[in-house]
Each structure stands twice: as structure tokens, then as C-alpha cells.
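Undergrad: output the structure for:
(2 chains)
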Amino acid sequence: MSPLLSPGTPAPDFTLPKSPDAKLRLADTLGHPVILAFYPADWSPVCGDELGVFNEVLPEFQRYRAELLGISVDGVWCHKAYASARRFDFTLLADFEPKGAVSRAYDAYRAQDGFSERALFVVDAAGVIRWSYLSPVGENPGADGILAALEALT
Amino acid sequence: MSARLTPPVTARDHAQGPPDAPVTLVEYGDFECPHCGRAYPMVKAIQRSMGNQLRFVFRNFPLTSSHEHAEHAAEMAEAAGDRGKFWEMHDVLFEHQDALEDENLIAYAVTLGIDPGWAAAALEQGLFRGRVREDVASGGRSGVNGTPTFYINGARYDGLLHPTSLLEALVRAATPE
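TA: Numbering: from 1, shown residues only, chains lettered A, B, ... in the order given. Below is the predicted model:
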């Protein structure tokens, strides 16, 4: 595992599909904090737990006006089915083509496995990474670190 | 990250066992979660084994994205709690995880002597939704990372969901250095 992009680093800008017919550019969503949650794959059990926990905690993120973006190498149709089945109320981005390019830009890609690390970043309203955390790939990190980082921004 | 129970146990919580017990075990659980269902008899056995050495606290963390009945089950537990029957409902729910439709929940309330009209209204009007969401919010701050998540004297237990492992950790926490 290589170290993730660290706090103080400007968050690399990116544009990724958020649905079959729409894209999201990071720079356009700033103005409020953004939580980037890289994860290995849709449907795998730990990811489900992690994103399921985050989905429940969304109102706490929103208290800090923070937006949660999930990112994996799965394609848009897979994300759409997954988000619908799990009734997620946040956006999943497809780092699908070129595969893992955004994950690599954040040093959050597992080239040996071909999927993203389980990694969290809190980006402030100005687009600077303020906190990052690399979780063991099979371990759900929980939301406490994110909430503490958001609290520290205020 | 060393996740800590935030906020700590207060009078607001549902607790079994003496408040001055040397060990407090807190569970964030989901009444529809199969892992929580497996943990339920383990906790019961541990309570029997440790007696007044243990205080046990339950907070709600319904994973609504995976479990469609979990939110109402949690709200019904809180509704029963409002009538002094939290633990009775907690047990009934974990013993009937395959029957958690609203009509089942209301029938359980009736068996506990709770008025069915009131129980139905509590669900429909979301009277206890706020209380459940408070638990979830505290779970987020406490580092809940799936259900169940346990805390022993405020520190998240990251060991196995296995009766021996959990009991050993509790006994260690109860034993003065």
C-alpha cells in the first residue's frame, strides 16, 4: 500500500459519470466540504456495510454541509442497480474509463487487484484535502474519523 | 483510529444491570440484522455468567438500506420503552426476526399490554423516529462499523463476534490491573 495523498494537498480535480447520462466535476461541487469514499467494489459485503453505515449517518454529514461521494471502478449501470437496491441517498461515481484513473490520482488504487483502496478523504470548501484515511481493505472504517475531520474544519 | 463511545452512557439509555457495575457493554444493533440475531443469545449468556458485574446497554442502529423492517422495529422498541417495556420488546424482536412487519410489531405490543391503536399511531406518526435517529447519529460519532458494534467501557470492541472472545474481553475489563 502506498501512502494516500495527504492533508494540505489540493484535491486533484476530476470529472466522472454519476449516472448513465450525467457527469460530476469535483471543482463544480465545491463551496462546501466533500467526502470522497473510495471503495473496492459494489455489492461486496464490507463495502455494503461501510456505505450502509454512511447512508444512515448522512444527516450528520449534512450538518457540516458536507456532500458524500462514493467512488469505485464499477460502471454506471452497476452503480445504478446497487444504489437503487440499497436505497442510497448519495452519489456513486464510476472510475471506470480509463479504469481507476481518479483513484490513482489520489494514490488510492490497488494496481495488483484492479480496484480502489478503501480510502477516505475530507476535502474542504476550497478544494484542499484536510484529512485522509486508508483502511485495511476488508475493514469498515466507520464514520467517526470523517465526522471528527468535518468538526475540525469549523 | 481508536473509536470511543460518543456520548457515553447516560440515564437516557436503556440499561440492564447495576449502574456501578465494573463493566458496561454497549451494543449498537439492528433488530433485523442476522449478526445481531446471533449476538442476542451470546449477550444473554454473558449476562447470566457475569451477573451484577455487567451493565448492558442497547442503542439502535437500523441499517435501513439493507433491512426494510429495521427502522419500524427500532421505533417499536422505543415505543415499548416509553411504556416501560423496552427490554421485553427487544427480546421479542430478536426472537422473531423473520416476522417484523408492522402488523407483527403491533401484535407484539399487544402481548406486552400496550394499546394497539397507540402502537400503530406511534409507527405511522414516527413518534420515536427522532429518538432512533439520535442513536444512529451517536453511532456515527462512535465509529459504528456494521451491526452489531460493541463497546466495552467506552472502547469499541474489534474482536470476534464469538461468545468466548467477547466474554474474555469483558472479564479482562472487569478485572483490576
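Undergrad: what number of residues lie near B:Thr164?
TA: Using other Cβ atoms under 10 Å in any protein chain shown, B:Thr164 is surrounded by 10 other residues. Just so you know, the C-beta spots here come from the backbone N, C-alpha and C atoms, and that holds for glycine as well.
Undergrad: pass me the low-pLDDT residue ranges in chain A, would you?
TA: Within chain A, the stretches with pLDDT under 70 are A:1-2, A:47-48.
Undergrad: tell me, what residue is most central in it?
TA: Ranked by distance to the mean C-alpha position of chain A (Cα atoms, centre = their mean), the top residue is A:Ala37 at 2.1 Å.
Undergrad: just checking, that one touches A:Glu67?
TA: No - A:Ala37 lies out of contact with A:Glu67 (Cβ atoms under 8 Å); the separation is 11.0 Å.
Undergrad: rewinding a little: any idea which element the residue nearest to the centre of chain A lies in?
TA: strand A:34-38 (DSSP states H and E).
Undergrad: who are the packing partners of the helix or strand following that strand?
TA: Sequence order places helix A:45-63 as the next helix or strand after strand A:34-38, per DSSP H and E. Of the remaining helices and strands, those touching helix A:45-63 by 3 or more Cβ pairs under 8 Å, 6 or more residues apart in numbering or on different chains; DSSP states H and E are strand A:34-38, strand A:67-72, helix A:76-86, strand A:118-123, helix A:144-153, helix B:129-142.
Undergrad: quick one: strands adjacent to the first one?
TA: In this case it means strand A:34-38. Using DSSP bridges, strand A:34-38 pairs in its sheet with strand A:67-72 (parallel), strand A:118-123 (antiparallel).
Undergrad: okay, those, which one's buried deepest?
TA: strand A:118-123 (a mean of 26; mean count of other Cβ atoms under 10 Å in any protein chain shown).
Undergrad: contact partners of that one?
TA: Under the criterion Cβ atoms under 8 Å, 6 or more residues apart in numbering or on different chains, residues A:4-5, A:11, A:26, A:30, A:33-40, A:46-47, A:50, A:66, A:106, A:108, A:129-137, A:139, A:141, A:145-146, A:149-150, A:153 lie in contact with strand A:118-123.
Undergrad: burial count for residue 109?
TA: You didn't pick a chain, so chain A it is. A:Tyr109, neighbours per other Cβ under 10 Å, totals 23.
Undergrad: let's do chain B instead
TA: B:Ala109: 25 neighbours (other Cβ under 10 Å).
Undergrad: show me which residues of chain A sit near chain B.
TA: Residues of chain A found near chain B (Cβ under 8 Å from any Cβ of the partner chain) are A:48-53, A:55-57, A:59-60, A:86-88, A:133, A:139-145, A:147.
Undergrad: how far off helix A:144-153 does the strand holding A:Ala37 point, in degrees?
TA: 160 degrees (axes from the mean of the first three to the mean of the last three Cα atoms, to 10 degrees).
Undergrad: mind listing residues that contact strand A:34-38?
TA: So strand A:34-38 is contacted by A:11, A:26, A:50-51, A:54, A:61, A:66-72, A:103, A:106, A:108, A:116-123, A:146, A:150 (Cβ under 8 Å, 6+ apart).
Undergrad: re the thing from before, between the helices and strands packed on helix A:45-63, which one is closest to B:Asp102.
TA: Closest approach to B:Asp102 among the helices and strands packed on helix A:45-63 (Cβ to Cβ): helix B:129-142, 13.9 Å.
Undergrad: how about that closest one: buried residues?
TA: B:129, B:131-133, B:135-142 (16 or more other Cβ atoms under 10 Å in any protein chain shown).
Undergrad: next one, pLDDT for the spatially most central residue of chain B please.
TA: Nearest to the mean C-alpha position of chain B, counting by Cα atoms, centre = their mean, stands B:Phe58 at 3.0 Å. Note for B:Phe58: predicted pLDDT of 98.
Undergrad: next, find the distance separating the closest residue to A:Leu150 other than its chain neighbours from chain B.
TA: Distances taken as Cβ to Cβ, 6 or more residues apart in numbering or on different chains place A:Tyr64 nearest to A:Leu150, at 4.0 Å, with adjacent residues excluded. To chain B, A:Tyr64 is 12 Å away according to Cβ to the nearest Cβ, to the nearest Å.
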